[in-house]
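> Any chance you could fold what I've pasted below:
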Amino acid sequence: MTTPGQPDFNKIYDLDDDNDVDINDLKLFARNWLLGAKHPYSPPQTNRKKLSFNTGWKFYRGNVPEDAPKNSSYDDSSWQDVSIPHNPPKNPPNPDPLRPDWPNYSYEGVGWYRKHYNIDSSKQVNKIFIEFEAANTVTDIWINSTHLTTHYGGYLPFTVDITDYANFSPTENVIAVKVDNTDNPDVPIGNSGWFNWGGIYRDTWLHITDKLHVTDAVYANIVAGGGVFVTYPSVTASEAQVQVKTHIKNEYASARNCTVKTYIVNANNMVVAQMTDAQSVSAGDNYTFTQLTEVTDPCLWHPNHPYLYTVYSEVYDGNSSVDTYQTRIGIRWINFTYDNGFEINGERLMFMGANRMQDYPYIGYAMANSGQRRDAIKLREARFQYVRTSHYPQDPAFMDACDELGILVMDAIPGCQYIGSTTFKNHSYQNMRDLIRRDRNHPCIIAWELSLNETGFDSTYARKAVDIGHAEYPGNQCFVSGWKFDNIYDVYIRATQHGARDYAGSAPLIISEYGHWDYGGHPSTSDVHRAEGLPGPYGGGEADMLQQAWNH
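Numbering: from 1, shown residues only. Just a heads-up that it's a prediction; the model follows:
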């Protein structure tokens, strides 16, 4: 037996994944060794399971008196069978009364989801969580008739701990989810008249972990903490410092002697750095392991060569392996200045890109991960190196594709043309925190748009946003972007129709929108849609798209 993560030197590994161990593998091993890689990574056994929770749902569109479906005994046999991702459709489609010339296939109102499922009795010693990547907009969750949470917001993940409420085989569990996408003045979405598709429209997951485990960063709700957080205090072409913070929770009734082993592994599955630390964690307590290492001759992430490493976090209870967690990273250094614009790894880069929204004809927001990746591929095929996620956080699969394909990202919070009460602002501030906690390890992200698009917020809101951004992502690699206040935000954003080309200030600026109103504002020259034959001014279809391509 070999120690977890250590090589067996009596074995030649298939390093090039061609299902054949040959001289090429030996050459690759020698090359990796010279570059600082010591051995292939081999993960230990773990108690962590991440299981798709997308199938076997029942759906009902509309209100039910007294929220009766929350009770596990409710009869849902007549409900529609659906899978997640899912949007409640409006059937038949009716015009939006506010915009009668636009077809509207989106249902606005309450939708109910229920799922019957079993958990193996062997999992009674574990922690059990259900994660929703997103549901729009106000979501209530019951497990076996017990209400666990109300979540406000349509674009960021949330997790419920069902450990204390779960039944185990042969007794089944029933989860009931009530989702309401009615326009809510207290919740930041696109509160400006555009519709937001409802339902549970991104993936759902069942997580099973040991009671000594790496936490989820959003669920932990700790400033600059929770989960795994990887930063780079110093990056050069010859050497990079990599800091890994790993948040461990002990939910046993007694203290645990916890060891965290962290491995940084290159694209050929070779370990290039490793760290080990131990700490006693009291019952019910948590601890953040902070580890610092160096990677020699790093392959730096760049849009032209988006090289990715993987950080493997192994958690030991004494000598027993109880949890593993993996985080994909890219080592790189960025900077924004007025004089030099954007720099990555010490080189100036002028990038070109687009804004991206996530809705699709007929299926709304409920696009599978393959479709999310397809959009990223199309952007890259168009020679774009940049995308702004207007005007909300987008699917994790899209963000992963941007990492892989080398697409720089401005990551935006939800909100457009509206700001509400103190409750609205507090939800917006939490969106900022959750966004950074979800996406902070993505090398593709170069700016955090903690700003409400085309909205009249004041300087107090802007300063709070910048403070939150730098608190959640300490150091000199966090750049908070926003409009209106070039003296507050790290990076100023402005559309061409708002005077971006005539900007005379001193802040680094990214043009946030181009093309929409640059050619006179007429629909045939400034706004394009894929669908032909729509009533009103937006029915040009391919003709409008060709005109816009000619304009550019």
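> Now do the same for the residue positioned nearest the centre of the chain: its pLDDT.
By C-alpha atoms, centre = their mean, the chain has its centre lying nearest to Pro396, at 4.0 Å. Pro396 carries a pLDDT value of 98.
> Identify the residues contacting it.
Glu133, Arg202, Arg438 (C-beta atoms under 8 Å, 6 or more residues apart in numbering). To be clear about C-beta, it is placed using only N, CA and C from the backbone, and glycine gets the same treatment.
> I'd assumed Ala397 was in contact with the first one.
What it means is Glu133. No - with contacts counted by C-beta atoms under 8 Å, Glu133 stays clear of Ala397, the gap being 9.1 Å.
> circling back: pipe the contacts of Pro396 into JSON lines and attach secondary structure and neighbour count per row.
Below are those laid out as JSON lines (DSSP: H, G, I helix; E, B strand; the rest coil; neighbours: other C-beta atoms under 10 Å):
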{"residue": "Glu133", "secondary structure": "coil", "neighbour count": "20"}
{"residue": "Arg202", "secondary structure": "coil", "neighbour count": "29"}
{"residue": "Arg438", "secondary structure": "helix", "neighbour count": "20"}
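> mind checking how far the residue nearest to the centre of the chain is from Val272?
26 Å (C-beta to C-beta, to the nearest Å).
> Spatially nearest residue to Val228, not counting backbone neighbours?
Thr327 (4.7 Å; C-beta to C-beta, 6 or more residues apart in numbering).
> CA atoms only: put the helix or strand harbouring that neighbour into PDB for me.
For Thr327, the host element (DSSP states H and E) is strand 320-329. Extracted C-alpha coordinates of strand 320-329, given in PDB (Å, rounded to 0.1, in the frame of the first residue of the first chain):
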ATOM      1  CA  SER A 320      -8.800   8.000   8.700                       C
ATOM      2  CA  SER A 321      -9.700   9.800   5.500                       C
ATOM      3  CA  VAL A 322     -13.100  11.300   5.900                       C
ATOM      4  CA  ASP A 323     -13.500  14.000   3.300                       C
ATOM      5  CA  THR A 324     -12.000  15.200   0.000                       C
ATOM      6  CA  TYR A 325     -12.800  18.400  -1.900                       C
ATOM      7  CA  GLN A 326     -11.400  19.600  -5.200                       C
ATOM      8  CA  THR A 327     -11.100  23.200  -6.500                       C
ATOM      9  CA  ARG A 328     -10.000  24.100 -10.000                       C
ATOM     10  CA  ILE A 329      -7.700  27.200 -10.200                       C
END
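> Show me what the next helix or strand after it is packed up against.
Per DSSP H and E, the first helix or strand lying C-terminal to strand 320-329 is strand 334-337. Counting contacts by 3 or more C-beta pairs under 8 Å, 6 or more residues apart in numbering; DSSP states H and E, strand 334-337 is packed against strand 341-344.
> Show residues contacting the following helix or strand past the strand it packs on.
Toward the C-terminal end, the helix or strand that comes next after strand 341-344 (DSSP H and E) is strand 347-348. If you take C-beta under 8 Å, 6+ apart as the criterion, strand 347-348 is touched by Asn340, Gly341, Phe342.
> next helix or strand past the worst-scoring helix or strand of the chain on mean pLDDT?
Among the helices and strands of the chain, helix 523-526 carries the lowest confidence by mean pLDDT, DSSP states H and E, at a mean of 50. Following helix 523-526 in sequence order, the next helix or strand is helix 542-551 (DSSP H and E).
> Could you check how far that next one is from the centre of its chain?
Offset of helix 542-551 from its chain centre (C-alpha atoms, centre = their mean, to the nearest Å): 33 Å.
> In PDB, list the C-alpha atoms belonging to that helix.
What follows is helix 542-551 as a C-alpha-only set of coordinates in PDB (Å, rounded to 0.1, in the frame of the first residue of the first chain):
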ATOM      1  CA  GLU A 542     -31.700  37.400 -39.700                       C
ATOM      2  CA  ALA A 543     -31.900  40.600 -41.600                       C
ATOM      3  CA  ASP A 544     -31.400  42.700 -38.500                       C
ATOM      4  CA  MET A 545     -28.600  40.400 -37.300                       C
ATOM      5  CA  LEU A 546     -26.800  40.800 -40.700                       C
ATOM      6  CA  GLN A 547     -27.300  44.600 -40.500                       C
ATOM      7  CA  GLN A 548     -25.800  44.700 -37.000                       C
ATOM      8  CA  ALA A 549     -22.800  42.500 -38.100                       C
ATOM      9  CA  TRP A 550     -22.200  44.900 -41.000                       C
ATOM     10  CA  ASN A 551     -22.400  47.900 -38.600                       C
END
